[in-house]
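1. Provided below for reference: sequence and predicted model.
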Amino acid sequence: MAVDSIDGVEAQAVSTRHPFAYRDFRYFWTARICAMLAHSGLVVALGWAVYDEARLSMGVREAALRLGLIGLVQFLPMLMLSPFTGLAADRYDRRNVVRLALVGQLSCATILSLLAFGPGAGLYTLYATAALFAASRAFYMPAMNALPPALVPRATLPQAIAISAVAGRIGGILGPVLGGFAYAWGAKWAFGLCATLLLAALLLHLAIRPLRQQAPMAAARPLQQMLEGLRYVLSNRLLLGAISLDLFAVLLGGVTALLPIFARDVLHVGPDGLGQLRAASSVGALATAVWLSWRPLRHEVGVKMLACVALFGAMTVSFGLSRSMSLSLACLALMGAVDMVSVYIRQSLLQIATPDDKRGRVGAISSLFVAGSNELGEMESGLVASLIGPVGAVITGGIAAVLVAGLWAGLFPELRRARRFDQVQPG
């Protein structure tokens with residue numbers, strides 16, 4: 001029997017388990033697809049625009065460094081705003097925080113689209129708009145990630161997280177492909193498509209009804225409230241280990257920022273091929289997320305997360321050594337598959353082990369760590385590539401990710417001992 005709200009959930013929990021039984025979760029899920037399509041497409045278009053602009057006057061290594069700067073200019077706003085974004089998600093209606101953040105992202109995509117109708121935007125303009133977009137996403141991510149516990153019952157939450165990941169990976173697959181093909185027609189079409197998708201996500205979030213009341217925050221001054229989330233993460237070694245594992249593995253082993261270089265100067269496949277490379281990891285992740293949404297992990301979740309991080313590093317090395325487009329796509333797909341298992345376990349632990357009144361602030365810390373592994377990792381990739389070349393940067397990064405998995409298994413035995421989600425308790 002399907003229901004359209006979580007009121008009276010406990011009485012119907014036995015007969016209704018699937019997250020799609022809840023109306024507002026369906027809106028949330030569809031909006032996440034649209035937002036991820038836009039974000040993934042914009043990343044491809046922005047990366048290609050920056051690298052193309054830089055290559056007009058620079059060599060490959062100099063342009064690689066300029067490409068890596070996109071990560072830095074996106075990480076800095078998230079670093080500076082992180083304490084405020086988590087507090088906003090816990091203090092205010094999370095629906096409204098998400099909506100306002102989408103308005104900010106929509107404005108950035110619209111600006112890029114309008115600039116593309118003219119002579120084009122210079123590097124500094126592209127960097128500034130990327131920073132504004134990142135600032136909006138800094139508010140978007142903690143509030144958006146904290147919404148599912150208010151849309152489905154606790155017993156359904158791990159499955160809802162997996163299904164939410166399906167939406168993200170659908171966007172991750174189609175977004176780069178759409179962005180790459182649209183950019184082949186012109187930058188204005190790529191950025192215009194992203195703006196349209198963000199508008200759709202905003203309208204869907206406006207349709208989500210008022211949530212059940214969030215757990216009230218403890219009375220304290222704003223600074224104390226900001227620090228409370230950080231103290232909670234530092235005191236919970238299971239969460240600290242899971243979040244930091246992802247940070248260092250992807251920070252050192254990520255290849256996303258260097259894909260334009262591989263597409264243009266290593267594999268010679270152009271912007272269309274770049275879209276395929278960007279989508280490949282999401283193909284593997286989507287297949288894995290669909291499987292997890294119907295067959296959730298139940299045993300030895302911590303050990304499986306550590307093993308998947310090690311496999312991620314091994315596949316990264318294989319990608320760096322490849323000179324075949326087919327083999328490169330296969331490596332990226334396998335990287336996406338094992339990364340999806342790691343993300344699924346980490347997000348499930350994060351939501352289950354965190355009290356509701358702290359989910360926004362803890363989520364902001366997690367988002368900052370994710371930004372550190374992604375955006376700051378792009379800067380690290382560009383810098384290392386400028387020193388030893390893109391291929392050397394990818395291979396050494398993959399080896400480092402394998403070493404991180406082994407090191408974390410020793411530093412955080414709590415991860416090895418995490419066996420089942422239903423044994424994890426908040427606090």
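-> Yes, it's here.
2. so, low pLDDT: which residues of the stretch 101-250 of the chain?
-> 118-121, 211-229 (pLDDT under 70).
3. show me the helices in it, by range?
-> All helices of the stretch 101-250 of the chain, identified by DSSP state H, counting those that start in this stretch, fall at 123-145, 148-151, 157-185, 187-206, 222-235, 237-253.
4. mind listing what's buried in the helix or strand where Glu62 lies?
-> Taking DSSP states H and E as the definition, one finds Glu62 inside helix 60-91. For helix 60-91, burial by neighbour count (16 or more other CB atoms under 10 Å) applies to 60, 63-78, 81-83, 85-91. All C-beta spots, glycine's among them, are computed from the backbone N, C-alpha and C.
5. which other helices and strands contact it?
-> Other helices and strands packing on helix 60-91, by 3 or more CB pairs under 8 Å, 6 or more residues apart in numbering; DSSP states H and E, are helix 23-55, helix 123-145, helix 222-235, helix 259-261, helix 359-388.
6. which among these is found nearest to Leu112?
-> Across those, Leu112 has its closest neighbour in helix 123-145 (5.6 Å, CB to CB).
7. so which other helices or strands are in contact with that closest one?
-> Partner elements for helix 123-145 (3+ CB pairs under 8 Å, 6+ apart): helix 23-55, helix 60-91, helix 94-116, helix 359-388.
8. can you show me the CA trace of that helix as PDB?
-> Taking C-alpha atoms only, helix 123-145 is exported to PDB below (Å, rounded to 0.1, in the frame of the first residue of the first chain):
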ATOM      1  CA  LEU A 123      39.700  33.100 -17.500                       C
ATOM      2  CA  TYR A 124      39.100  35.400 -14.600                       C
ATOM      3  CA  THR A 125      35.400  35.700 -15.400                       C
ATOM      4  CA  LEU A 126      35.100  32.000 -15.600                       C
ATOM      5  CA  TYR A 127      36.900  31.600 -12.300                       C
ATOM      6  CA  ALA A 128      34.700  34.200 -10.600                       C
ATOM      7  CA  THR A 129      31.500  32.600 -11.800                       C
ATOM      8  CA  ALA A 130      32.700  29.100 -10.800                       C
ATOM      9  CA  ALA A 131      33.400  30.500  -7.300                       C
ATOM     10  CA  LEU A 132      29.800  31.900  -7.000                       C
ATOM     11  CA  PHE A 133      28.400  28.600  -8.200                       C
ATOM     12  CA  ALA A 134      30.400  26.800  -5.500                       C
ATOM     13  CA  ALA A 135      29.200  29.200  -2.900                       C
ATOM     14  CA  SER A 136      25.600  28.400  -3.800                       C
ATOM     15  CA  ARG A 137      26.300  24.700  -3.700                       C
ATOM     16  CA  ALA A 138      27.900  25.100  -0.300                       C
ATOM     17  CA  PHE A 139      24.500  25.900   1.100                       C
ATOM     18  CA  TYR A 140      22.700  23.400  -1.200                       C
ATOM     19  CA  MET A 141      24.500  20.200  -0.300                       C
ATOM     20  CA  PRO A 142      24.100  20.000   3.600                       C
ATOM     21  CA  ALA A 143      20.400  21.000   3.400                       C
ATOM     22  CA  MET A 144      19.700  18.700   0.500                       C
ATOM     23  CA  ASN A 145      21.500  15.700   2.100                       C
END
